[in-house]
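Novice: Pasting the sequence and the predicted model now:
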Amino acid sequence: MKTKVRIILINFFTCLIFFIDRLSKIIAKNKGIIFQNKNIALNIHLPSNILFPVIFFILTFLIFLLVKSYQKKKIFFIFSLNLIILGAFSNLLDRLFFGYVIDFIKIPVFSIFNLADVMIISGASLSLIKLITKENAG
């Protein structure tokens, strides 16, 4: 499959997951089955005057890496960075519109999360695995 077609499919797939996440959050909010998560990962609390600049900086850096990945046609990193950026953007939209992130998937004795969180963790894990295996191969 040609690189351009792969990139188009990756963009379509990650955008589809983003829209499914947004839709699922709306449905969960309308049904009243949400948990209002005002903290960040690991239940760490950051005041909004610190949180938003940190999120902006991280997203800016990730978008820079994504642009570089597009330029170098690094399909794997385009996919993983798209997942991270769109997942983070979805959670950022929640914070901007509602003041909290909408979480609704509950796994007892583990956590409460949403599809955007899965996107972020999946993208970060895939990138880390790729970087580690690349280091070990060289």
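Specialist: Nice, thanks for sending it over.
Novice: For the rest of this, base every contact and every neighbour count on C-alpha atoms.
Specialist: Fine.
Novice: Distance from the chain centre to the top helix by length along the chain, please.
Specialist: If you go by DSSP state H, the chain has its longest helix at helix 3-31. Relative to the centre of its chain, helix 3-31 is centred 11 Å away, using C-alpha atoms, centre = their mean, to the nearest Å.
Novice: Quick one: mean pLDDT over that helix.
Specialist: The average of the pLDDT scores along helix 3-31 is 97.
Novice: Can you name the next helix or strand after it?
Specialist: Once helix 3-31 ends, the next helix or strand along the chain (criterion: DSSP states H and E) is strand 35-37.
Novice: element containing I112?
Specialist: Using DSSP H and E, I112 falls in strand 111-113.
Novice: Give me the most central residue, this protein.
Specialist: Closest residue to the average C-alpha location of the chain: G87 at 2.3 Å, with C-alpha atoms, centre = their mean.
Novice: what about the closest residue to it other than its chain neighbours, distance to T133?
Specialist: Setting aside the residues directly before and after it, G87 is nearest to A116 in space (C-alpha to C-alpha, 6 or more residues apart in numbering), at 4.1 Å. From A116 over to T133 the distance is 26 Å, taken as C-alpha to C-alpha, to the nearest Å.
Novice: how about the host helix or strand of G123: buried residues?
Specialist: In the assignment (DSSP H and E), G123 maps to helix 115-137. Neighbour-count burial for helix 115-137, counted by 16 or more other C-alpha atoms under 10 Å, picks out 115-117, 119-124, 126-127.
Novice: do the same with stretch 28-42
Specialist: For stretch 28-42, the buried set under the neighbour-count rule, 16+ other C-alpha under 10 Å, comprises 28-29, 34-38.
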